[in-house]
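>>> the sequence isn't on hand, but the structure is:
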């Protein structure tokens, strides 16, 4: 139901142009795309820690308010029954030339044993046999703040 509400909000509020891209020179592997929707915004946060990647999206939010964040899980391969999964919260404040983002992220690990199947290729060992003990995505619990600059003016 919340997806319909977000889609309805997008339909009613004017978009103010293309998504703005932000990055942090002090945090390689992090990037944020923000789409303004009237006075509100929605964001996509991509991050990589050298071993695994993550993707978090926000609900439709107002600057300075704590906003729900989600990631995507699929219960089978290829991406069958993909769904948004609670991933914590973010808060964004826009500054001259950038933004400040505070986050409290809790993304659960995803293991092959969590999937009913058919299993993705990553759930097979080197001998080609199913291995439900394989962890496809490491869990992430982290809180902090990022100071991001506009990538392109």
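Received the coordinates, thanks. Here the structure is a predicted model, which means the values were calculated and not measured. Numbering: from 1, shown residues only.
>>> any idea of the mean pLDDT for stretch 104-124?
Average pLDDT, stretch 104-124: 84.
>>> quick one: low-confidence parts of this structure?
Within the chain, the stretches with pLDDT under 70 are 1-17, 74-81, 117, 153.
>>> what about the longest strand seen in it, distance to the chain center?
Using DSSP state E, we find that the single longest strand of the chain is strand 83-95. Using CA atoms, centre = their mean, to the nearest Å, the mean C-alpha position of strand 83-95 is found 8 Å from that of the whole chain.
>>> so what strands line up beside it?
Partner strands and pairing direction for strand 83-95 (DSSP bridges) are strand 67-73 (antiparallel), strand 98-107 (antiparallel).
>>> can you spell out which residues form a bridge with the spatially most central residue of the chain?
Geometric centre of the chain, nearest residue: residue 56, 0.8 Å, by CA atoms, centre = their mean. Beta-bridge pairing for residue 56 (DSSP bridges): residue 45.
>>> what does the longest strand of the chain rub up against?
3, 34, 41, 43, 45, 56-58, 61, 63-75, 99-108 (CB atoms under 8 Å, 6 or more residues apart in numbering). Bear in mind the C-beta positions are built from the backbone N, C-alpha and C, glycine included.
>>> list the contacts of the most far-flung residue of the chain relative to its centre.
The centre of the chain is farthest from one residue, residue 127, which by CA atoms, centre = their mean lies 33.3 Å away. By CB under 8 Å, 6+ apart, residue 127 lies in contact with nothing.
>>> what's the spacing between it and residue 38?
According to CB to CB, to the nearest Å, residue 127 and residue 38 sit 55 Å apart.
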